[in-house]
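Trainee: here is my input, please return the structure:
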Amino acid sequence: MRTTLRIVAAAACLASLALVGACGSKPTGTTTSAAVPPTLTRQSQAETYCKALIPVYRTEWALYVKVKRFRSVVETTNAFSFAARINDSFLPLSDQGRTRLAAITPPPLFRAEHRRLERVFALQSDFLYFLQDEMQRANYTGTVDPTAFFARADRYVAQIKAACRVWEASLRIALKRSGVKKTPRPLRELMA
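Mentor: This is a model prediction of the structure:
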């Protein structure tokens, strides 16, 4: 049974790495105000909105680093510890990212893209809660159905990756519509 829990914990950790890394790489840049002033030109609004997304990605990067670091201790932990780590560390960071995103008021041209990014965060949060529930169930019942677990985990990861791709493509189109010829540097680094 302990081997099965290790397999499930390792799979959960790998799936978490895939979902967190699906939407971009390490963020850089400066933070700006979350509100986008309506008096700016369309191009300036687009650039301001992109800069406002940087703190959101910093939170995501912190989550990615925690998950990546936790991967090295999966073999020495049990399902209960993994569920506790999700609850105490991963979920608060995910919630912080969602809160920061909710604080940003997108300009009119980026409202659809903003909703798409909110969907990515909602899927990520659902996935983390799924992992937590499965780890707790494995700990309390001592039984795990690896086939069902992996099937559901793979579906979550696929949904998150697809939602990230749709958001990135949609954002690039919105940037072009707003007159931005080149994606602003901080966001370009994130989407690389």
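Trainee: list the buried residues of stretch 104-124.
Mentor: Of the residues in stretch 104-124, those buried under the neighbour-count criterion (16 or more other Cβ atoms under 10 Å) are 104-107, 109-110, 113-114, 116-117, 119-121, 123-124. (Glycine included, C-beta is placed from N, CA and C.)
Trainee: over to stretch 131-145?
Mentor: Applying a neighbour-count criterion of 16+ other Cβ under 10 Å, one finds 131-132, 134-139, 144 buried in stretch 131-145.
Trainee: now stretch 80-100
Mentor: Within stretch 80-100, the residues that qualify as buried are 81-86, 90-91, 93-94, 96-98, 100, counting by 16+ other Cβ under 10 Å.
Trainee: the least confident helix or strand in the chain by mean pLDDT: what's the following helix or strand?
Mentor: Lowest on mean pLDDT, DSSP states H and E among the helices and strands of the chain sits helix 2-21, with a mean of 44. The C-terminal neighbour of helix 2-21 among helices and strands, as given by DSSP states H and E, is helix 42-52.
Trainee: just the buried residues of stretch 80-100: which are in strands?
Mentor: When the buried residues of stretch 80-100 are checked against strands (DSSP state E), there are no matches.
Trainee: would you mind giving the residues you listed as CSV with pLDDT added?
Mentor: Formatted as CSV, the entries for these read as follows, by pLDDT from 0 to 100:
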residue, pLDDT
S81, 79
F82, 79
A83, 81
A84, 82
R85, 82
I86, 85
F90, 87
L91, 90
L93, 88
S94, 89
Q96, 91
G97, 89
R98, 92
R100, 92
